[in-house]
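*Asks:* build me a structure from this.
(2 chains)
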Amino acid sequence: AQKVTQAQTEISVVEKEDVTLDCVYETRDTTYYLFWYKQPPSGELVFLIRRNSFDEQNEISGRYSWNFQKSTSSFNFTITASQVVDSAVYFCALSEAGSGGGADGLTFGKGTHLIIQP
Amino acid sequence: DAGITQSPRYKITETGRQVTLMCHQTWSHSYMFWYRQDLGHGLRLIYYSAAADITDKGEVPDGYVVSRSKTENFPLTLESATRSQTSVYFCASWGGDSIYEQYFGPGTRLTVT
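*Replies:* Model prediction:
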């Protein structure tokens, strides 16, 4: 069965520091999809990125970047020059192609609470 | 309004009462899901549905019942609420194409006293 591990329960950094959120996954499928969602204090879930298992290129979007490494089953998320508005809970999630790429739902990690101090 | 909505947004109920959480989406997505979010557990799948009249259990289905008579609606019922069901409940929908992510509703915060 699939599993997602976010070992960092809480991270606290000072504004403008870089911070990396770790995500390690387990799956027996060769085709799968990885996601990151952000949950700000207001509570909604905000989609950040989706990556399929065949695309190992790193992704950069502004101050956000993602490092996908199949060799270590990791999909880490880095925020560069963090800002107070980045304070949130961040979830990594996985779906398997065997389930149609999401038809059986997503498997979430337990989340990392990121605190950016001014 | 287009999107996915949940009602009520907040609910307090007593142990043993039946309560239904509503979820409505306007995209005609085939797939719909219910998750619960608890501190220390992340989000866990309760039930999901591939189409009207097709539902299946997720990771934590005990104590919950779902139905899907219409594509756009996916209500979640707690037949006899327990304190352990105090949680934030998220509904999500997905169009079935793997290039898209699941879209989540705003959540319902349920407290069982």
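*Asks:* A:Glu17 versus A:Gln83, what's the distance?
*Replies:* When C-beta to C-beta, to the nearest Å is the yardstick, A:Gln83 and A:Glu17 sit 10 Å from each other. Heads up, the C-betas are built off the backbone N, CA and C, glycines and all.
*Asks:* just the strands in chain A please.
*Replies:* Listed in chain order, the strands found in chain A under DSSP state E are A:3-5, A:10-14, A:19-21, A:24-26, A:32-39, A:46-52, A:59-61, A:64-69, A:74-79, A:88-96, A:107-108, A:112-117.
*Asks:* redo those as a markdown table? Include mean neighbour count.
*Replies:* Below are the strands of chain A laid out as a markdown table (neighbours: other C-beta atoms under 10 Å in any protein chain shown):
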| stretch | mean neighbour count |
| --- | --- |
| strand A:3-5 | 17 |
| strand A:10-14 | 13 |
| strand A:19-21 | 18 |
| strand A:24-26 | 17 |
| strand A:32-39 | 22 |
| strand A:46-52 | 17 |
| strand A:59-61 | 12 |
| strand A:64-69 | 17 |
| strand A:74-79 | 20 |
| strand A:88-96 | 24 |
| strand A:107-108 | 24 |
| strand A:112-117 | 17 |
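*Asks:* next, format those as a markdown table and append mean pLDDT and distance to chain B.
*Replies:* Rendered in a markdown table, the data for the strands of chain A read as follows (pLDDT from 0 to 100; distance: least, C-beta to the nearest C-beta, whole Å):
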| stretch | mean pLDDT | distance to chain B |
| --- | --- | --- |
| strand A:3-5 | 96 | 8 |
| strand A:10-14 | 97 | 11 |
| strand A:19-21 | 98 | 13 |
| strand A:24-26 | 97 | 13 |
| strand A:32-39 | 94 | 6 |
| strand A:46-52 | 91 | 5 |
| strand A:59-61 | 91 | 14 |
| strand A:64-69 | 96 | 14 |
| strand A:74-79 | 98 | 14 |
| strand A:88-96 | 94 | 6 |
| strand A:107-108 | 95 | 4 |
| strand A:112-117 | 97 | 10 |
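*Asks:* in TSV: these, plus distance to B:Arg44.
*Replies:* As requested, the strands of chain A are exported to TSV (distance: least, C-beta to C-beta, whole Å):
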stretch	distance to B:Arg44
strand A:3-5	12
strand A:10-14	20
strand A:19-21	20
strand A:24-26	16
strand A:32-39	14
strand A:46-52	19
strand A:59-61	27
strand A:64-69	24
strand A:74-79	20
strand A:88-96	11
strand A:107-108	7
strand A:112-117	17
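*Asks:* and those strands: which comes nearest B:Gly58?
*Replies:* With C-beta to C-beta as the measure, strand A:107-108 is the member of these nearest B:Gly58 (10.0 Å).
*Asks:* what is the burial count for A:Ala7?
*Replies:* Applying other C-beta atoms under 10 Å in any protein chain shown, we find 11 other residues in the vicinity of A:Ala7.
*Asks:* what's the pLDDT at it?
*Replies:* A:Ala7 is assigned 96 on the pLDDT scale.
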